[in-house]
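>>> sequence below, structure please.
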Amino acid sequence: MSRIGFIGLGNMGGPMVRNLIKAGHSLKVFDLSEEAMNFVVQSGAKAAKSVKEAASGVEFVISMLPVGVNVKEVFMNDGVIAAADKGTILIDSSTIDVETAQAAYEAAKVAGFDMIDAPVSGGVTGADAGTLTFMCGGDKNTFEKAKPILQCMGKNIIHCGNAGLGQVTKICNNMLAGINALAASEAMVMGERLGVSRQTLYDVISTSTGRSYIFENSNPMSGVCTNSPANNDFKPGFMAKLMLKDLRLSQAAAQSASTSTPLGAVATAAFQQLIENGHGDADTSSIIKVIDPQLK
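Numbers count the residues shown, from 1 in each chain. From the prediction side, this is the model:
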């Protein structure tokens with residue numbers, strides 16, 4: 001079994017650490033939140049006092065951080081790269097901008113380390129269950145070395161290409177998920193207002209050409225499917241403010257690629273409105289509140 005340093009123990013990182021411990025790996029962890037640290041220490045992890053301590057004396061370093069600035073601080077500013085032992089494999093599972101992912105990769109390479117970007121899809125449910133999808137960018141040989149570790153936390157481990165292309169794949173996926181959440185909300189509200197019951201709408205669309213994973217599993221109307229956050233007052237799941245972050249990343253990436261994403265732009269504006277209305281900590285499916293603020 002491997003020695004692993006893990007940095008970032010939030011809603012996703014904590015469950016990921018627990019699954020690595022269940023698989024028999026030795027974990028040394030760090031987070032700015034003492035509460036988050038205590039949560040995984042109770043599961044068998046060893047607490048580190050700093051990023052550098054978490055990154056030293058291990059074979060793999062995994063990070064799960066909120067934004068690109070955090071990744072730069074953790075890896076490049078007298079952090080992981082400065083402290084890690086020779087031969088340590090670096091894995092960043094944060095969802096960040098492509099440019100930062102590539103910059104971290106280049107900094108690691110110059111220092112003699114192998115690194116991959118490996119953002120995830122599957123949300124907190126997938127992190128708990130160990131069924132995440134990892135979208136990996138970087139050298140194929142490094143990917144193969146990291147794959148057995150990632151398989152302890154996910155069931156779909158995919159090499160997407162060179163450094164940064166895991167992030168590109170994740171951004172494309174989440175842009176589509178945000179669009180689908182908004183589109184599902186529009187269809188459900190319109191159909192119900194015109195007299196079709198929400199259950200009938202769900203039963204028909206979920207078996208027809210309008211179906212999507214979001215529509216079937218996170219339908220924005222309560223009472224139509226078993227596991228939707230709409231049934232539990234939109235408790236996340238994947239928070240709307242995180243979806244907005246990813247949608248903004250998609251728009252920045254689209255601009256850099258000189259490609260048009262009109263639906264992505266509309267979804268970004270809609271989620272911005274949702275957050276401004278005070279629903280940032282609610283599940284992504286709460287986007288229906290922009291379409292029908294009085295929805296019951």
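>>> got the contact list for Ile81?
Contacts for Ile81 (Cβ atoms under 8 Å, 6 or more residues apart in numbering) come out as Phe75, Leu90, Ala107, Ala108, Ala111, Phe113. For the C-beta atoms, the positions are set from N, CA and C on the backbone; glycine is no exception.
>>> which residues touch the fifth one?
Read it as Ala111. The contact partners of Ala111, taken as Cβ under 8 Å, 6+ apart, are Ile81.
>>> how much space separates it from Gln273?
Ala111 is 43 Å from Gln273, where distance means Cβ to Cβ, to the nearest Å.
>>> please apply the same query to Glu73.
31 Å.
>>> what ranges does the stretch 1-150 of the chain have for its helices?
All helices of the stretch 1-150 of the chain, identified by DSSP state H, counting those that start in this stretch, fall at 13-22, 34-41, 51-55, 68-76, 80-83, 98-110, 123-129, 140-150.
>>> relative to Ala265, which of those is closest?
helix 98-110 (18.2 Å; Cβ to Cβ).
>>> so for that closest one, what gets flagged as buried?
Across helix 98-110, burial judged by 16 or more other Cβ atoms under 10 Å covers Val98, Thr100, Ala101, Gln102, Ala103, Ala104, Tyr105, Ala107, Ala108.
>>> for that helix, packing partners?
Taking 3 or more Cβ pairs under 8 Å, 6 or more residues apart in numbering; DSSP states H and E as contact, the helices and strands that helix 98-110 lies on are helix 68-76, strand 89-92, strand 114-117, helix 165-193, helix 240-256.
>>> as TSV, these with mean pLDDT, mean neighbour count and distance to Gly126 would be great.
Converted to TSV, these look like this (pLDDT from 0 to 100; neighbours: other Cβ atoms under 10 Å; distance: least, Cβ to Cβ, whole Å):
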stretch	mean pLDDT	mean neighbour count	distance to Gly126
helix 68-76	95	20	21
strand 89-92	98	27	17
strand 114-117	98	27	18
helix 165-193	97	21	13
helix 240-256	96	20	14
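>>> make JSON lines from the ones you listed and add distance to Ile7 to it.
Listed next are these as JSON lines, based on distance: least, Cβ to Cβ, whole Å:
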{"stretch": "helix 68-76", "distance to Ile7": "6"}
{"stretch": "strand 89-92", "distance to Ile7": "9"}
{"stretch": "strand 114-117", "distance to Ile7": "14"}
{"stretch": "helix 165-193", "distance to Ile7": "18"}
{"stretch": "helix 240-256", "distance to Ile7": "18"}
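>>> out of these, flag the one nearest Asn232.
Ranking these by proximity to Asn232 (Cβ to Cβ) places helix 240-256 first, at 14.8 Å.
>>> now do that closest one: which elements does it pack against?
For helix 240-256, the packing partners by 3+ Cβ pairs under 8 Å, 6+ apart are helix 98-110, helix 165-193, helix 262-276.
>>> Asp283: what's it in contact with?
Ser218, Pro229, Ala230, Phe234, Lys235, Pro236, Gly237, Phe238, Met239, Ala240.
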